[in-house]
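In: fold the following.
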Amino acid sequence: MRSDEEKKELIHRLKRIEGQVRGIQRMVEDDRYCVDVLVQLSAISAALKKVGYNLLEDHTRGCVSSAVANGDGDAAINELMKVIQQFSKS
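Out: Residues are numbered from 1 along each chain as shown. Modelled structure (predicted):
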């Protein structure tokens, strides 16, 4: 579980990313230079990755750690590995 402060920060980051996406939509509508659009896409991709790594860390330190302590570690680790593989494909 995330604390209220962690949740607030995560939502703030996602809203900032949402704003960046809207900005790219406007750039496309305004026929902005392709390289400028690509640079912004790269920034959004990096920001999403950062959010994802933050969630992966929280999940590992919280849910997986708790599952290991309760004797359900193998299932939690298998699930974590699948998520890491999926996340690393993007």
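In: tell me where the model's unsure across this protein.
Out: Scanning the chain for pLDDT under 70 picks out 90.
In: buried residues in stretch 29-46, which are they?
Out: 37, 40, 44 (16 or more other CB atoms under 10 Å). Any C-beta I mention is one placed from the backbone N, CA and C, and that applies to glycine too.
In: could you list which of those belong to helices?
Out: 37, 40, 44 (DSSP state H).
In: make CSV from these and add distance to residue 67 to it.
Out: Shown next, in CSV, are these (distance: CB to CB, whole Å):
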residue, distance to residue 67
37, 43
40, 39
44, 33
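In: can you name the helix or strand that the most centrally placed residue in the chain falls in?
Out: Among the residues of the chain, the one closest to the centroid is residue 52, at 2.4 Å (CA atoms, centre = their mean). Element membership for residue 52, per DSSP states H and E: helix 34-59.
In: now that helix, how far from the centre of its chain.
Out: For helix 34-59, the distance from its own C-alpha centre to the chain's C-alpha centre is 7 Å (CA atoms, centre = their mean, to the nearest Å).
In: next SSE after it?
Out: helix 65-69.
In: give the buried residues for the following helix or strand past that next one.
Out: Following helix 65-69 in sequence order, the next helix or strand is helix 73-89 (DSSP H and E). The neighbour-count check on helix 73-89 (16+ other CB under 10 Å) flags 76, 80, 83 as buried.
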